[in-house]
Structures are given as C-alpha cells and as structure tokens.
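Participant: no FASTA, just this:
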C-alpha cells in the first residue's frame, strides 16, 4: 500500500507542478499578447495620424491651388479685360461718332466677357458651399453651368440615392477632380458631348467622365504629368483609398474613371 | 513560526487599508474586508491557538465555501458579457445548495468538502479564462499590468489550478495517511498561498501612481 500511496503523491506533485506551470505560462502569454496588441494599436494610431496629416495637407494644397487659380484669373483674364475696357473707353472720342460707337460696343463686349470670367471664378469658389447639398447636387449645378454656355451637350446620370451619406471631404475632393477633368475638356479636348455618370459599385463611389474630343496619347508623359496633372490626381485619389483610370483614343475621346470608398 | 504567506496576507491587509481610497474599480475595495476576515481565520493556525476543540474542519468548510461565493460576486462585477454574468446569478444559489448537501449529507461536516471545493475551483478557473478572454478582446490600448483584477485573476488561476489535482487525490492521501502527505501539503499549500497573496498584493498596488510597469 505504501509505495502506491507515495506514487500517487508523486503523480499529484508532478501534476500540480505542471498545472502551475501551465497557469503561469498562460498568464505570461496573455501579458505578452496584450503587449503586442498595444504595440499594434500604437502603430495603427500613428498611421491614422499620418493619414490625417496627409489628408489635411492635400486639402490645403487644393485650397492653395484654388487661390492660385483665382489670383491668376483675376490678374491674367479679368484684370486684362478690365484694363482693355478702360483703355477702350478712355480712347473714345465723342466727336467721332462712328468710331466711338464701335469702341463702346467693344467695351460692352469686354465687360460681358469679364462678367463671364467672374462667374467662372465664383463657381470655383462656390464649390465648398455647393458640396454641403451633396455631391450629386453639386455635379448637377456644374452640369447646368456647362449647358448654359451652349457649347456642349452634357448628359448627367446620377444613380445615387439621396439617403447615401458621402463624407464631405471626399465629396469635395471628387468635385474638384471633376472640375479639373471638365476644365481639361474645355481647354484641350475640343469635344461636343460630355457624359458624366455617378453611381455606387458595392461600397464604392464611381464617377466617370467621358468626352468625344480629340483624345490624346496616354503614354505621352509630357501630357499626363504636366498637362492634366494625372500624377497629382492619382496621389489624391490614393489618399481616399481609391483609384483613377484615364483611357483615351485619338479622334474618339477620353474617359476618366474615378473609384473611391464613399463612407 | 509564522508562515510567509501569512505575512503576505497581513501586508495585503495593511496595503489595502492604507490605499483603500485609491483602490479601483470599486469591487477591489471589497478585498480589504475579505483579506481581514482571512487573516482573522488564519490567526489561530499561525499562533497555535486552540479556538475549537477537536476537529475544526467544519469551520474551514464554511469559510472556504463563503470564499468561493465572494469570488463569484467579484466575477459578477468584473465580467462584462451579460450571458456569463447571468450564469453567475444561477451558480451562486446552486453552489450554496451543492456545498450544503455535500457538507451535510455526502462528505460530512468533519471531513474537508473536496467535492464542492473541486466544483467551485473549476468554476473559478473557467471565469478566470473568461476574464482573460475579455481583456484580450478589448479593442482599446491598455496596460494590463496596471489592471488590479488581472493580477487577482492570475492569482486565482494559479492557486486553484495548482490545488485542483491535489484536491482530486486529497481524500485518498489524507485518509489513507500516505507518508510525507503532510509535508507535500505544506509545500504545495504554502507555495500557492505565497503566489496568491503575492499577486493580490500586486493587484492592490499596481495602479497606484508611481508603480513601475
């Protein structure tokens, strides 16, 4: 009986030591695991901070660009037009009736153009207010302005329900990108038709701008990097975890597809 | 000679009383009267006082059963999952019934209630696991070394996991009077008590300002 009892005692002692070891190991594992989890949290937080910093930086960049465009337009276009108007009016000699009439008509035309330029500028500045009503409405307004000019046939298809909430910052970024794309069409494309489509693809927002202009060679780095700022466009879209794709065929037109998560 | 674990219990009590106001969360404060009662219960053993003549196991049966009920209450406040909290509400009266039936009718009042002790140990170990799971699934940055209940749980897990096997063989070892069983009992009991009260002390001091972790 005695050896059996001693053996049981030894087994119990070994078992107890093992249980103790397992319990201590478990506690140490939890401490180590939680420490690792905390390190991950810190890293994630750091990444979030740098993401937000980058986002703010880009937002400021966009604002700065808007200001620069404003300054350039005021100086180069409206300033010039008004100077010309002033000069034209100054040169009016009321004794020379026919010439004076012609100059007054010219001045009137210059003032009309100045007003148009001012409207364009006001539209640029108006973006942030427009976006408060939602991206689909802001695009609708942009389309209205384009159509008022009478140069383009603009088809706008909005497949987004009003109940879908789009992050305001993202919406403004997208709106600015749309303006940039339209600006490129107006300046370079020589298009007559513009198709704009806004829709949801899963949990992503898809904005497509198609024109029937002269198109360009997408491999031409001079155009893609300097002409339409595709690189900047891609960088900004990447910040929103999205993507931008530009396809173009010479003589057929250009398509700009932007996809970003909407929440 | 007083045991180290008893010294630790007294130090825990003093620390609990000194830092009582700073103890948080609120249920950690309940450990102070609990440790005080534990010290009172263990005083006679440590000073060889004879309070009850003859077999005093009936007293330890009551005390250890109440000890488990106290831990159940503490876990009820520490666990956030409503399902496991609710289970404790059922386990509390159920354990009273199991312990009473075991002490009064199965093992008897003058034998140590190993059956109900083992059942309660398993419950405590299970809830320790649940608490650790809760800590790991908390999606916030926190230093668990500064969470008092983490240390309490670590102490309870080590203590009851360590004692579990011993209490499985307790009846055989003690009542067959296996040689060296008393020595084994002393070693295991003292080691586990030192770990338990050492970790309780850490729990009481860990989130005080200046504690280095």
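Facilitator: Ah, there it is. Note that the structure is a prediction, hence the values are computed from the model and not measured. Residues are numbered from 1 along each chain as shown, chains lettered A, B, ... in the order given.

Participant: Three-state assignment for the closest residue to residue A:250 other than its chain neighbours, please.
Facilitator: In this structure, residue A:250 finds its nearest non-sequential neighbour in residue A:215, 4.5 Å apart by Cβ to Cβ, 6 or more residues apart in numbering or on different chains. C-beta: built from backbone N, CA, C; applies to glycine. For residue A:215, the assignment made with DSSP: H, G, I helix; E, B strand; the rest coil gives coil.

Participant: Counting neighbours, what do you get for whichever residue of chain B sits closest to chain A?
Facilitator: Relative to chain A, the nearest point of chain B is residue B:178 (3.5 Å; Cβ to the nearest Cβ). Per other Cβ atoms under 10 Å in any protein chain shown, the neighbour tally for residue B:178 reads 21.

Participant: My guess is it contacts residue A:9. True?
Facilitator: Yes - if you go by Cβ atoms under 8 Å, residue B:178 and residue A:9 touch, sitting 5.6 Å apart.

Participant: Quick check: residue A:73 vs chain B, distance?
Facilitator: Distance, residue A:73 to chain B, by Cβ to the nearest Cβ, to the nearest Å: 49 Å.

Participant: which non-adjacent residue is nearest that residue?
Facilitator: residue A:121 (5.5 Å).

Participant: okay, now that neighbour: neighbour count?
Facilitator: Residue A:121: 17 neighbours (other Cβ under 10 Å).

Participant: what sits against it?
Facilitator: Counting by Cβ atoms under 8 Å, 6 or more residues apart in numbering or on different chains, residue A:121 touches A:70, A:73, A:74, A:78.

Participant: buried set for the helix or strand harbouring it?
Facilitator: For residue A:121, the element it lies in under DSSP states H and E is helix A:97-131. Buried residues in helix A:97-131, defined by neighbour count with 16 or more other Cβ atoms under 10 Å in any protein chain shown: A:103, A:107, A:110, A:113, A:114, A:117, A:120, A:121, A:124, A:127, A:130, A:131.

Participant: ok, of the residues you listed, which one's closest to chain B?
Facilitator: Among those, residue A:131 lies closest to chain B (Cβ to the nearest Cβ), at 32.7 Å.

Participant: can you pull the contacts of that closest one?
Facilitator: Counted by Cβ under 8 Å, 6+ apart, residue A:131 has contacts A:138, A:168, A:171, A:172, A:175.

Participant: circling back: make CSV out of the buried residues of helix A:97-131 and add pLDDT.
Facilitator: CSV is the format used below for the buried residues of helix A:97-131 (pLDDT from 0 to 100):
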residue, pLDDT
A:103, 87
A:107, 88
A:110, 87
A:113, 84
A:114, 87
A:117, 79
A:120, 74
A:121, 76
A:124, 68
A:127, 66
A:130, 71
A:131, 76
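
Participant: Give me the below-cutoff pLDDT ranges for chain B.
Facilitator: Chain B contains residues with pLDDT under 70 at B:1-2, B:46-48, B:50-53, B:209-213.

Participant: Report the contact partners of the most centrally placed residue in it.
Facilitator: Using Cα atoms, centre = their mean, the residue of chain B that lies closest to the mean C-alpha position is residue B:156, 5.8 Å off. Residues counted as contacts of residue B:156 (Cβ under 8 Å, 6+ apart) are B:71, B:124, B:125, B:128, B:196.

Participant: Now it, what are its backbone angles?
Facilitator: phi -70, psi -40 (degrees, to the nearest 10).

Participant: Does residue B:117 touch residue B:67 like I think?
Facilitator: No - applying Cβ under 8 Å, one finds residue B:117 not in contact with residue B:67, separated by 9.9 Å.

Participant: Among these two, which residue is more densely surrounded?
Facilitator: Neighbours per residue (other Cβ under 10 Å) separate residue B:117 from residue B:67, with residue B:117 holding more: 24 against 18.

Participant: Output the contacting helices and strands for the strand or helix carrying the more buried one.
Facilitator: Assessed by DSSP H and E, residue B:117 sits inside helix B:114-137. With contacts taken as 3 or more Cβ pairs under 8 Å, 6 or more residues apart in numbering or on different chains; DSSP states H and E, helix B:114-137 sits against helix A:2-72, helix B:57-78, helix B:82-101, helix B:148-175.

Participant: okay, the contacts of residue A:121 in JSON lines with neighbour count next?
Facilitator: Shown next, in JSON lines, are the contacts of residue A:121 (neighbours: other Cβ atoms under 10 Å in any protein chain shown):
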{"residue": "A:70", "neighbour count": "14"}
{"residue": "A:73", "neighbour count": "16"}
{"residue": "A:74", "neighbour count": "15"}
{"residue": "A:78", "neighbour count": "18"}
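
Participant: Among those, which has the minimum pLDDT value?
Facilitator: Least confident of these in the model: residue A:73, at 74.

Participant: residues contacting that one?
Facilitator: Residue A:73 makes contact with A:117, A:120, A:121, according to Cβ under 8 Å, 6+ apart.

Participant: Kindly report the same for residue A:214.
Facilitator: Residues near residue A:214 by Cβ under 8 Å, 6+ apart: A:188, A:189, A:190, A:191, A:250, A:251, A:253.

Participant: Only whichever of these are buried, select them in ChimeraX.
Facilitator: What follows is the ChimeraX syntax selecting those of these that are buried according to 16+ other Cβ under 10 Å:
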select /A:188,189,191,253
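
Participant: Mind putting the contacts of residue A:214 into JSON lines with secondary structure, pLDDT and distance to residue B:100?
Facilitator: Converted to JSON lines, the contacts of residue A:214 look like this (DSSP: H, G, I helix; E, B strand; the rest coil; pLDDT from 0 to 100; distance: Cβ to Cβ, whole Å):
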{"residue": "A:188", "secondary structure": "helix", "pLDDT": "84", "distance to residue B:100": "91"}
{"residue": "A:189", "secondary structure": "helix", "pLDDT": "87", "distance to residue B:100": "90"}
{"residue": "A:190", "secondary structure": "coil", "pLDDT": "89", "distance to residue B:100": "95"}
{"residue": "A:191", "secondary structure": "coil", "pLDDT": "91", "distance to residue B:100": "90"}
{"residue": "A:250", "secondary structure": "coil", "pLDDT": "90", "distance to residue B:100": "93"}
{"residue": "A:251", "secondary structure": "coil", "pLDDT": "90", "distance to residue B:100": "95"}
{"residue": "A:253", "secondary structure": "strand", "pLDDT": "92", "distance to residue B:100": "88"}
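
Participant: Thank you, goodbye.
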